[in-house]
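A.B. asks: Take this sequence and fold it.
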Amino acid sequence: VLAFAIVLKSFSPSFAEEQAKPETPAMTHDMSNMQQGQGTAQGVAQGTETKKEAPAMGHEMGGMDHSKHMGHSWEDMKKWPGMENKTKEQLDAMMMGMPPDKEVYISNKDLKKGVGVIVIAHGGSKVWNQEVEKSLSNISKTFPTTIAFGMAMGNSKHIQEGINHLEEAGAKTIIVVMAFFNENNEVSDQVRYIFGKSDKAMWPPVDRVKSNAKIVFASYIDDNPLLAEILTDEAKKKSIDPKNETVIIVGHGPVNPEYNKKALKVMESLAKEVKASGGFRDVKAWNLQDDAPKEVRSANVKIIRGMIEEVSKNGGTALVVGMLISSRGIQHKIKEDFKGLDYKFYEEGVVTHENFGRWVGEAVTRAISK
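C.D. replies: Numbering: from 1, shown residues only. As a prediction, this is how the structure comes out:
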């Protein structure tokens, strides 16, 4: 499920040190059977690796421990989409492999304002989370800002904690920023319910947040020119001869096939902008649907491999650019997916580009005027 989505904490020297270390695969979660409906082989490819049962991350990372399933019974969890046939052992392994839901308050405790910002992000490894924190350094100096990391699967405590901290900082209006590329994903559905903007929870039961503040959702980044510029800059870092190069934008992608179709339309719009501004021979875009059933993801991998092979066959160079939030997400899986092919891969996540922080600032400013 998914792709996309964030306590006072300072940046430690270990951030730079960890960036310098050889890349290690981030912990990923297998939700390959949580599909909403059926789709075509081309538009619905998703899949995950077979994973060994991992220890819960709650104590290690200071978050909420998923090993207890946030207090939910098996009966509750089996009502979640695609969970009907899961065994107790499978549910254990899936939940224990999830990054923990946790809140990280990143503004100075002395900053008091009538407007506060909560950023909802998927969350992942230590580096994954720190990259998001760093990208929000400017907005956190302007407004009280907190990040709610996690998919909020049957849980909203970390989001409620964030709201409480913003209200304590004086916020009468709270802007919700979704650190997902667009609204076409399952986490956005869950968050809308949590904030009372939707009547149906994706993963019930889950408490809705309580707040005396006015809640305003900021716009998603969608095909914002700032994102197009990020993707163009990323491609240029691997480019030598643009007129002989084809850029292939690869996204994580949602599980729901209808959401995926909508997400691909947004990506196609971005591809046109990247082609025009970068002067490349061509720019294509496709989603892996990384959390979908194995056969769906495998079909998407086959499609993208075909794109790369076609570029090579025509004497060109393929530049693969990940449309991914952070640098320690599914990049290691992408390299395995395209093993044996001739291409160049830019691995950094979009949060490492200054435009991401600029977009957050602009989105918050527009939301305040609503």
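
A.B. asks: what about the strands in the stretch 101-250 of the chain?
C.D. replies: Secondary structure of the stretch 101-250 of the chain (DSSP state E, counting those that start in this stretch): strands at 102-105, 115-121, 145-149, 173-178, 214-217, 245-251.

A.B. asks: Buried residues of the last one, list them for me.
C.D. replies: Looking back up the chat, that one is strand 245-251. For strand 245-251, burial by neighbour count (16 or more other Cβ atoms under 10 Å) applies to 245-251. Bear in mind the C-beta positions are built from the backbone N, C-alpha and C, glycine included.

A.B. asks: Can you tell me which of those is closest to D92?
C.D. replies: Using Cβ to Cβ, G251 comes nearest to D92 of the buried residues of strand 245-251, at 29.6 Å.

A.B. asks: what's the pLDDT at the closest one?
C.D. replies: As predicted, G251 sits at a pLDDT of 98.

A.B. asks: For this structure, name the helix or strand with the lowest mean pLDDT.
C.D. replies: helix 58-61 (a mean of 30; mean pLDDT, DSSP states H and E).

A.B. asks: Is there a neighbour count for the nearest residue to K214 once chain neighbours are set aside? I'd like the number.
C.D. replies: Leaving aside its sequence neighbours, K214 sits nearest to T173 (Cβ to Cβ, 6 or more residues apart in numbering; 4.6 Å). Around T173 there are 18 other residues, counting by other Cβ atoms under 10 Å.

A.B. asks: show me the contacts for T173.
C.D. replies: The contact partners of T173, taken as Cβ atoms under 8 Å, 6 or more residues apart in numbering, are 114-116, 213-214, 216, 368.

A.B. asks: any idea which of these has the most stuff around it?
C.D. replies: G116 (27 neighbours).

A.B. asks: what sits against that one?
C.D. replies: So G116 contacts 143-146, 166-167, 169-171, 173-175, 213 (Cβ under 8 Å, 6+ apart).

A.B. asks: Report the beta-bridge partner residues of it.
C.D. replies: Beta bridges link G116 to I174, judged by DSSP bridges.

A.B. asks: quick one: it from T365, how far?
C.D. replies: With distances taken as Cβ to Cβ, to the nearest Å, G116 is found 14 Å from T365.

A.B. asks: Then I230?
C.D. replies: 19 Å.

A.B. asks: higher neighbour count, those two?
C.D. replies: Set I230 next to T365 and count neighbours by other Cβ under 10 Å: I230 wins out with 27 against 13.

A.B. asks: Apart from its neighbours in sequence, what residue is nearest that one?
C.D. replies: H353 (4.5 Å).

A.B. asks: mind checking the backbone torsions on the one you found?
C.D. replies: Per-residue torsions, H353: phi -90, psi 140 (degrees, to the nearest 10).

A.B. asks: swap in N314?
C.D. replies: Dihedral angles (degrees, to the nearest 10) for N314: phi -90, psi 10.

A.B. asks: Make 4 the first number, not 1, from now on.
C.D. replies: Sure thing, new numbering starts at 4, so read that last one as N317.

A.B. asks: confidence score at it?
C.D. replies: pLDDT, read off for N317, is 97.

A.B. asks: related to what we said a few turns ago, for the contacts of G119, which single residue is the most surrounded?
C.D. replies: Result: T148 is most packed of the contacts of G119 (other Cβ under 10 Å), 31 neighbours.

A.B. asks: out of the contacts of G119, who's nearest V107?
C.D. replies: T149 (6.7 Å).

A.B. asks: In contact with the closest one: list those residues for me.
C.D. replies: 9, 106-110, 119-122, 165, 168-169.

A.B. asks: do that again at 7 Å, thanks
C.D. replies: 106-109, 121, 165, 168-169 (Cβ atoms under 7 Å, 6 or more residues apart in numbering).

A.B. asks: Quick one: which of those is the most crowded by neighbours?
C.D. replies: G165 (30 neighbours).

A.B. asks: Please name the nearest non-neighbouring residue to it.
C.D. replies: T149 (4.1 Å).

A.B. asks: Quick check: beta-bridge partners of the one you found?
C.D. replies: When bridges are taken as DSSP bridges, the partners of T149 come out as Y108, I121.

A.B. asks: do you know how far it is from G332?
C.D. replies: Using Cβ to Cβ, T149 is found at 22 Å from G332.

A.B. asks: what does K278 give?
C.D. replies: 25 Å.

A.B. asks: Neighbour count for these two, which is higher?
C.D. replies: Between K278 and G332, counted using other Cβ under 10 Å, G332 has the larger neighbour count: 25 against 20.

A.B. asks: From D202, how far out is the closest residue to G199 other than its chain neighbours?
C.D. replies: Of all residues beyond its chain neighbours, the one nearest G199 is R211 (5.5 Å), with distances taken as Cβ to Cβ, 6+ apart. Separation of R211 from D202 (Cβ to Cβ) stands at 11 Å.
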